[in-house]
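Visitor: Build me a structure from this.
(one chain, ligands or ions: 1)
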Amino acid sequence: MTTNAAAVPTVKLLIDGEFVESSTNEWKDIINPATQEVLARVPFATADEVDAAVASAQKAFQTWRKTSIGGRARIFLKYQQLIRENMKELAALLTAEQGKTLADAEGDVFRGLEVVEHASAIGNLQLGEMANNVAAGVDTYTLQQPLGVCAGITPFNFPAMIPLWMFPMAIATGNTFVLKPSEQDPMVTMRLVELALEAGIPAGVLNVVHGGKDVVNGICDHKDIKAVSFVGSTPVGTHVYNRSTQAGKRAQCMMGAKNHAIVMPDANKEQTLNALAGSAFGAAGQRCMALSVVVLVGESAEWIPELVAKAETLKVNAGHEAGTDVGPLISRAALERVNGFVETGVKEGATLHLDGRNPKVPGYEDGNFIGPTLFSGVTADMTIYKEEMFGPVLCVMTADSMDDAINVINANPNGNGTAVFTRSGAAARHFQEEIDVGQVGINVPIPVPVPLFSFTGSRGSKLGDLGPYGKQVVQFYTQTKTITARWFDENEVGATVNTTITLK
Ligand code: NAD
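Guide: Purely as a prediction, here's the structure:
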């Protein structure tokens, strides 16, 4: 928690259309991870402030739920335009507080922007169904009606994309929303929220509270919140899912990962090595879809020296510096944790081919840097394999066959993303059929689906049936109502009393 209460700007809450100062006594510094400069202070909202945000959303729901489809869609058309116009500013803000490179920060905003574009097509997405004449003179049709107040809790690693996974689709479907951004980097999220209001989202439809565990628990327990969307680590997500569903809410929790790639000996070598290095070490390994394990099958085990050589070409520096490939980790604590894993990997007998600890980064000596790090000889019982390290550390394993490699992946508790590299269509198809992972790439290392589809996850990477965007999210944020209707002409002759359940 912060000690220097003066001088730095404070991050505001958004309640009932007003950006307001929290009355809390608990604050946290937001720190530039490349320089340790304190950029702002974020409040941990009080229980009363959470209540006020929910009450505002509850009140706004009474009118927002009846807003026309066109009225909702046009706000998101305007919003996507505003995001595009402010892309550079958003990316710079994101890089300053999160650390990723400017190009990657633009990617973070852009992937969220795609969901905003999707939200502007809500008219087509939220259509019901109709069956004419299900019995004589009887029609059945469905309505997809909004639930009420919904909430979102987001992680530090995509402070633009993941909030945009949540509130645009919830609001476009007619709900109102309370957002709880990551307390580590909420500034770009707040700028996106300002732009959302500028685009026309009315007072109370979108609210923001900041904080940590207590605010999250307050959201999970709140009687007036109908649905919770969470993205973050597995322990927290499991807690949020259990607590929210026990309180009678819908919940979807997208959680931790251990993403494996399988490399077959027939793969295009240069393309594959570039893809492996980029996805393992880009964004300092802090992507939920970052590659953290590669299983080299058969003769591809001989590619390790070339993979190390690729990794060595990547430049570690502050995210805003030109030519940077690998920026800093989000915090000192994250850096110490990842450095600790590397030490444990050595102790547990893995072979350290490339040690990225304590890199020299002139001008940024205090930054939370660790460069690309690569272990081979990794086995499933090692800590570096079992834990989600969330840093630029790649574990290399070997297998005799694709099926052996698939067995390794399917035995891992997590199933977020995976990829296969091969030139064989038959091998790729076998992989896609047998692998139990939500996002599957074929010669694509980070197969995050575009918003026409839904993000998903298998086993320990996801709780709840429906994904946070795409078509599934319309189901998540709406209640299906089926209407069965019969209309009588004035002169229609009444039949007899019908005591059966059959419509004729
Ligand atoms: P985190 O779980 O620490 O935090 C996520 C959110 O939960 C934050 O808003 C935080 O304030 C809140 N929180 C933290 N501790 C809490 C507690 N004890 N009780 C209640 N709430 C709490 O995650 P993070 O470190 O911000 O993000 C990284 C994690 O998110 C990684 O595990 C990564 O794999 C995962 N992630 C998953 C996806 C996905 O789609 N599956 C996407 C992005 C990130």
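Visitor: can you pull the contacts of the spatially most central residue of the chain?
Guide: Geometric centre of the chain, nearest residue: residue 162, 4.4 Å, by C-alpha atoms, centre = their mean. Residues in contact with residue 162 (C-beta atoms under 8 Å, 6 or more residues apart in numbering) are 112, 154, 155, 231. To be clear about C-beta, it is placed using only N, CA and C from the backbone, and glycine gets the same treatment.
Visitor: Distance check, it against residue 230.
Guide: Distance from residue 162 to residue 230, counting by C-beta to C-beta, to the nearest Å: 10 Å.
Visitor: My guess is residue 226 contacts residue 247. True?
Guide: No - here residue 226 does not reach residue 247: they are 10.3 Å apart, not a contact under C-beta atoms under 8 Å.
Visitor: where does the protein dip in pLDDT?
Guide: Along the chain, segments meeting pLDDT under 70 span 1-6, 493-495, 503-504.
Visitor: so which strand or helix has the residue nearest to the centre of the chain?
Guide: helix 161-172 (DSSP states H and E).
Visitor: List the buried residues in that helix.
Guide: Buried residues in helix 161-172, counting neighbours by 16 or more other C-beta atoms under 10 Å, are found at 161, 162, 163, 164, 165, 166, 167, 168, 169, 170, 171, 172.
Visitor: Dump the next helix or strand after that helix to CSV, keeping only the CA atoms.
Guide: Per DSSP H and E, the first helix or strand lying C-terminal to helix 161-172 is strand 176-180. C-alpha atoms of strand 176-180 as CSV (Å, rounded to 0.1, in the frame of the first residue of the first chain):
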residue,chain,number,x,y,z
THR,A,176,-26.1,-2.5,-16.9
PHE,A,177,-22.6,-3.2,-15.6
VAL,A,178,-20.2,-2.8,-12.7
LEU,A,179,-16.6,-3.2,-13.7
LYS,A,180,-13.7,-4.0,-11.2
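Visitor: Can you list the helices and strands that strand 176-180 packs against?
Guide: Counting contacts by 3 or more C-beta pairs under 8 Å, 6 or more residues apart in numbering; DSSP states H and E, strand 176-180 is packed against helix 47-64, strand 149-153, helix 161-172, strand 206-208, helix 213-221.
Visitor: do that again at 6 Å, thanks
Guide: helix 47-64, strand 149-153, helix 161-172, strand 206-208 (3 or more C-beta pairs under 6 Å, 6 or more residues apart in numbering; DSSP states H and E).
Visitor: between these, which one is nearest to the ligand?
Guide: Closest approach to the ligand among these is made by strand 149-153 (4.9 Å; C-beta to the nearest ligand atom).
Visitor: From one end of stretch 85-104 to the other, what's the distance?
Guide: Terminal residues of stretch 85-104 lie 17 Å apart, using C-alpha to C-alpha, to the nearest Å.
Visitor: again with stretch 136-153
Guide: End-to-end for stretch 136-153, by C-alpha to C-alpha: 49 Å.
Visitor: go on, stretch 284-297?
Guide: 26 Å.
Visitor: residue boundaries of the strands in the stretch 301-450 of the chain?
Guide: 351-354, 373-376, 393-399, 414-415, 417-421, 439-442 (DSSP state E, counting those that start in this stretch).
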